[in-house]
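**Q** Curious how this folds, go ahead:
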Amino acid sequence: MKNATLRQLKVFEAVARNLSFSRAAEELHLTQPAVSLQVKKLEDHAGLPLFEQLGKKIHLTPAGVEMLHSSRVIIQQFKEVAETMAQFKGISGGKLNVAVISAGDYFFPHLLVEFARRHVGVKLNFGVCNREELLSQLADNLTDLAIMVRPPLGMDTVNQPLAPHPYVVVATPDHPLAAQKNISLSRLAKEPFLVREKGSDTRQSMEEGFGSHMAGLNIAMEIKSTETIKQAVIAGMGVSFLSAHTISRELEAGSLRVLDVAGFPLMLHWYVVHRQNKRLTPVAQAFKDFLMRDGGALIEQTIGVRAKPSSPASQPL
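**A** Numbering: from 1, shown residues only. I've put the predicted structure just below:
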């Protein structure tokens, strides 16, 4: 194995993670023959096959499983060396890897632009994903910082609240419930609901907010896109539970109305999350400090949604 290269290990890791040569090639921006060649060279160095094909699918051999573990350790060590070298570059010229759940893409780019304006030369790697993908990125150490509503349980992370995150129930302005006050959840449960998919942060927040009433809801449709849900509500297909940070434009345009529901808005928080033992680069630490210091005010300024003071009527159920 003394002649194996880091490139071969990275290509092998991508194939093993995807269990697909074609997907690994796409991810690495290489041709499939180039990927196959690098894996073949690594197998020659190891003197053992690392993959086996059963039917149309490939699987790791026992040697491949061990090689994957060792490859990730070596790749991580090289990454840590690069991060250590980045310490000497300071903030300017550093690269920031940050990911946010989908509700955050309505305001987060504005925060990145403001941070980049204050720190010229910073390189940004920004991803928007659902909760499951975000947790996977944290687990695999693929992002420096994660911005989310519900910090992970059972993972060694540092979780710091960044800003309030209200959730509301919305309908069209001409909906029969739009003019009513203090609508009960039992009454609301009769309406057709358009909801995010199970496992999403919005869906989990909804389950928390509705509690025992969730089982009795009339769920008309599950939709993976918040934008599609908003358009469906505007079209009169039903009501929905959404982050207040995703509907500011529709409220301003008068195409959506927040319903006056007892116990709402459900007030949660945005969190800045990173692994417990993660050595943040100077740029990642600077961005975290920026979020903790100015993030809340900038979100409010960008979205135009002010968090209401806590009261018995606005506490989670």
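**Q** Dump the C-alpha coordinates for stretch 49-59 into PDB.
**A** Output in PDB follows, covering the C-alpha atoms of stretch 49-59 (Å, rounded to 0.1, in the frame of the first residue of the first chain):
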ATOM      1  CA  PRO A  49     -10.700  -6.900  -4.500                       C
ATOM      2  CA  LEU A  50     -12.500  -4.000  -2.800                       C
ATOM      3  CA  PHE A  51     -15.900  -4.400  -4.500                       C
ATOM      4  CA  GLU A  52     -18.000  -7.200  -5.700                       C
ATOM      5  CA  GLN A  53     -21.000  -7.100  -8.100                       C
ATOM      6  CA  LEU A  54     -24.200  -9.000  -7.200                       C
ATOM      7  CA  GLY A  55     -26.700  -8.600 -10.000                       C
ATOM      8  CA  LYS A  56     -26.700  -5.000 -11.100                       C
ATOM      9  CA  LYS A  57     -25.400  -3.600  -7.700                       C
ATOM     10  CA  ILE A  58     -21.900  -3.400  -6.300                       C
ATOM     11  CA  HIS A  59     -21.100  -4.100  -2.700                       C
END
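**Q** what's the model's confidence in it, averaged?
**A** Across stretch 49-59, the average pLDDT comes to 92.
**Q** So for that stretch, what gets flagged as buried?
**A** Neighbour-count burial for stretch 49-59 flags 50, 51, 58 (criterion: 16 or more other CB atoms under 10 Å). The C-beta positions use only the backbone N, C-alpha and C, and glycine is treated the same way.
**Q** same deal with stretch 150-168?
**A** For stretch 150-168, burial by neighbour count (16+ other CB under 10 Å) applies to 150-152, 157-159, 162-168.
**Q** And for stretch 131-144?
**A** Residues of stretch 131-144 classed as buried: 131, 134, 135, 137, 138, 141, 143, 144 (neighbour count, 16+ other CB under 10 Å).
**Q** and what of stretch 56-70?
**A** Buried-residue list, stretch 56-70, by 16+ other CB under 10 Å: 58, 60, 64, 67, 68.
**Q** Next, give me the two most distant ones among these.
**A** Largest separation among the buried residues of stretch 56-70 by CB to CB: 58 and 67, giving 14.0 Å.
**Q** any chance you could map the strands in the stretch 201-317 of the chain?
**A** 218-222, 240-243, 257-258, 266-275 (DSSP state E, counting those that start in this stretch).
**Q** closest to residue 97 out of these?
**A** Short answer: strand 266-275, nearest of the strands of the stretch 201-317 of the chain by CB to CB, at 10.4 Å.
**Q** Give me the sheet partners of that closest one and which way each runs.
**A** Within its sheet, strand 266-275 is paired with strand 145-148 (antiparallel), strand 157-171 (antiparallel), according to DSSP bridges.
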